[in-house]
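# below are the sequence and a predicted model for it; my questions follow.
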Amino acid sequence: MFLLKDGSWEVKKTKGKGRGVFSTKKIKMGTVISDYLGMVIKTAEYDLDRDKEGLYLMYLTNRASIYPDLTKPGPHLLNHSCMPNCWIHAYYGHTLFFALRNIEPGEELTISYLLSPDEGTCDNCTHICKCGNNKCKGTMHLSKDKYRLWQQFQNKERKKTKGIRAIFGKNLPKLSSYPKTITSNPIYAVICSSSN
Ligand SMILES: [Zn+2]
């Protein structure tokens with residue numbers, strides 16, 4: 001579910017990355033873009049290899065993940081970038097996306113998918129990055145070190161706001177209220193840095 005005002009974003013075709021989400025109005029740094037809603041499913045029961053096209057699963061915990069309603073536009077349509085302009089924030093068991101910087105009208109909204117390291121487990125890996133940034137790493141997988149750092153950060157963040165108990169097989173309900181802005185944490189700069 002987008003939390004931006006109607007008419008300030010649109011879904012368009014991209015060059016080589018399927019659909020993407022674009023801003024039509026200026027989005028200020030810190031603005032909360034969306035809440036990743038969908039069906040609560042068991043992480044262990046999901047086969048990522050089955051989902052080569054979309055990568056729509058949003059990991060919440062080792063036990064629970066969110067699978068969005070693919071018939072509706074939503075934050076699952078944001079493409080991956082090695083230098084994204086949006087980032088993830090854990091909030092009361094939900095996953096919010098917010099703007100890392102000011103975003104100009106016409107820019108594509110992007111996020112890092114923060115995939116676990118590919119240690120030879122991703123056969124014929126389709127997680128090739130086509131973000132086109134000059135710092136593109138060519139893959140959506142993080143290095144081992146960066147992935148560990150991100151997991152540690154997320155585990156700490158999740159404890160700050162206790163999640164509501166997710167019920168498997170049910171849609172994650174909307175929160176009664178959302179923050180308007182989120183102050184970014186420098187973790188993103190570490191994750192997106194060119195070093196491993
Ligand atoms: Zn890239």
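Alright, I've got the coordinates.
# show me what from the chain comes close to the ion.
The chain has residues Cys82, Cys129, Cys131, Cys136 near the ion, with proximity defined as CB under 5 Å from the ion. Yep, even glycine has a C-beta here, placed from its N, CA and C like the rest.
# which ones are touching the last one?
Residues counted as contacts of Cys136 (CB atoms under 8 Å, 6 or more residues apart in numbering) are Cys82, Met83, Cys129, Lys130.
# can these go into TSV with extra columns for pLDDT, neighbour count and distance to Pro179?
Below are these laid out as TSV (pLDDT from 0 to 100; neighbours: other CB atoms under 10 Å; distance: CB to CB, whole Å):
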residue	pLDDT	neighbour count	distance to Pro179
Cys82	96	20	27
Met83	96	17	24
Cys129	93	19	30
Lys130	90	14	32
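# I'd say Glu157 and His89 touch.
Yes. Counting by CB atoms under 8 Å, Glu157 touches His89, with 7.4 Å between them.
# comparing the two, which residue is more hemmed in?
The neighbour comparison of Glu157 against His89 (other CB atoms under 10 Å) goes to His89, with 19 against 15.
# what's the local residue count around the closest residue in space to that one that isn't next to it in sequence?
Nearest non-adjacent residue to His89, counting by CB to CB, 6 or more residues apart in numbering: Leu96, 4.6 Å away. Close neighbours of Leu96, defined as other CB under 10 Å, add up to 22.
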